[in-house]
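Visitor: Sharing a model that was predicted from the sequence below.
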Amino acid sequence: MEGYRADVAFDGEAALPGGALVLVRDGVIVAVEPGSAPAPDGCPVTYLPGTTLLPGLIDAHSHLCGNSRLDALDRLPGLSADELDETVTESLAAQLAGGVTAVRDLGDQDWAVVDRHRGRPGGPVVVASGPPITSIGGHCASMGGEASGVDGLRRAVRERAERGADLVKIMASGGALSPGTDLRACQFTLDELRAVVDEAHRLGLPVTAHAHAVAAVRQCVAAGVDGIEHCSCVDEQGMRTPPELAARLAAAGIMVCPTLGHDLSRIPSPTPAVADGLRRHVEDRLIQAGELQRAGVTLISGLDSGIHPAKAHGVLPLAIVELTAVGASAGAALASATSLAARACGLAERTGRLRPGLAADLLLVDGDPTTDIAAIRNVRAVVSRGRAAVAGGQVPGSS
Ligand SMILES: [Zn+2]
């Protein structure tokens, strides 16, 4: 048995007054005691004064096959299985260094993550959707998930269940990084989306849908999806959330991952016009996510990691910080990347809180993120399933 002690602690849902002593055996949390409690005889304790102890973070929207370069998505179709595996391994190492101990992969290339990286014995826990279901020639079609028609879509869902995917991801609208697709347009009919949700739920799989277009968000609510990615509510006039739609998202309990977190400093030599455009885009995005937040929509943290230099694996803390910029309290922002993300990812019985019986996925940061959220970037130590994985380093970034 070993212990981890800190004077400040956040258990995934709330701050623990007086800190905590977390006792771990065989990779599992066996007790959560007050910070001043004595350790059992002979139990070594890691105590780092000035740190906060919290559950390891969960990146609810990752593309582990993406290498975070400008051509991260374009290069995918040409990669061999070995090259994909190498990228996934590097991505997971970078995630751990950023305090992330569980990842939900929502953009698999040719089943690499589902077939070879789910259920890895060490490192971040990985849950995965397989290639996102998309329309013929649609957003991210080259990942291998094209399907059409009610029967074809039901078949695609069954294929995911048979191959062991943890959930179904569907592209309900076009996307920014797929030329020729329209992020303001729906990719499927409502009947098709309903068939996907029906088939997935019959097989016990949740459905999360990529949706930028406001029309696609409306479809998703009507179809009864469990989660929505991005949810930027774009129409001809830009990003804005119709208040009645936000209210319906909140009432339906749909978990929204707004994929915040932008490190604009990593974009290689942008022209002033490009840099300006990106800054404005992020500002608009934060305003629109604030509309969701104020309406009471449950927001979870996920970065869309791996698709772009501004979205590198391991900078999830920036998404948590941005969530406070849209109006969430520090506690709500921390919960969005721990207990709430665990619920959205089907991991609530495995990780995301400091609770006996859950995996010993722990993060120690310098400072107190429950009062100063920027401290979540000060990664001091990461414990993944009981193993000390990473020590030290600030998560870089411009935000
Ligand atoms: Zn994505």
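Guide: In hand now; what should we look at? Since this is a predicted model, take the numbers as computed values, not measurements.
Visitor: Quick one: the strands in the stretch 151-300 of the chain, in order.
Guide: For the stretch 151-300 of the chain, applying DSSP state E, counting those that start in this stretch gives strands covering 168-171, 207-213, 227-235, 238-239, 255-257.
Visitor: Give me the average confidence score over stretch 134-148.
Guide: Average pLDDT, stretch 134-148: 93.
Visitor: where does the stretch 101-250 of the chain dip in pLDDT?
Guide: Of all residues in the stretch 101-250 of the chain, none has pLDDT under 70.
Visitor: What are the boundaries of the helices in it?
Guide: 112-116, 149-163, 190-202, 214-223, 243-252 (DSSP state H, counting those that start in this stretch).
Visitor: out of these, nearest to residue 15?
Guide: helix 243-252 (24.9 Å; CB to CB). C-betas here are computed from N, CA, C, even on glycine.
Visitor: could the helices of the stretch 101-250 of the chain be laid out in CSV, adding distance to residue 268 and mean neighbour count?
Guide: Shown next, in CSV, are the helices of the stretch 101-250 of the chain (distance: least, CB to CB, whole Å; neighbours: other CB atoms under 10 Å):
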stretch, distance to residue 268, mean neighbour count
helix 112-116, 26, 21
helix 149-163, 36, 17
helix 190-202, 38, 19
helix 214-223, 32, 22
helix 243-252, 36, 16
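Visitor: Using CSV, lay out the strands of the stretch 151-300 of the chain together with distance to residue 8 and mean neighbour count.
Guide: Converted to CSV, the strands of the stretch 151-300 of the chain look like this (distance: least, CB to CB, whole Å; neighbours: other CB under 10 Å):
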stretch, distance to residue 8, mean neighbour count
strand 168-171, 36, 29
strand 207-213, 33, 28
strand 227-235, 31, 26
strand 238-239, 36, 15
strand 255-257, 27, 26
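Visitor: For residue 47, find the nearest of the ones you listed.
Guide: That would be strand 255-257 among the strands of the stretch 151-300 of the chain, by CB to CB, at 34.7 Å.
Visitor: before we move on, the earlier item: would you turn the strands of the stretch 151-300 of the chain into CSV with distance to residue 374?
Guide: Shown next, in CSV, are those (distance: least, CB to CB, whole Å):
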stretch, distance to residue 374
strand 168-171, 31
strand 207-213, 29
strand 227-235, 25
strand 238-239, 26
strand 255-257, 22
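Visitor: on that earlier part again, tabulate the helices of the stretch 101-250 of the chain (CSV), appending distance to residue 315.
Guide: Formatted as CSV, these follow (distance: least, CB to CB, whole Å):
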stretch, distance to residue 315
helix 112-116, 20
helix 149-163, 29
helix 190-202, 31
helix 214-223, 26
helix 243-252, 26
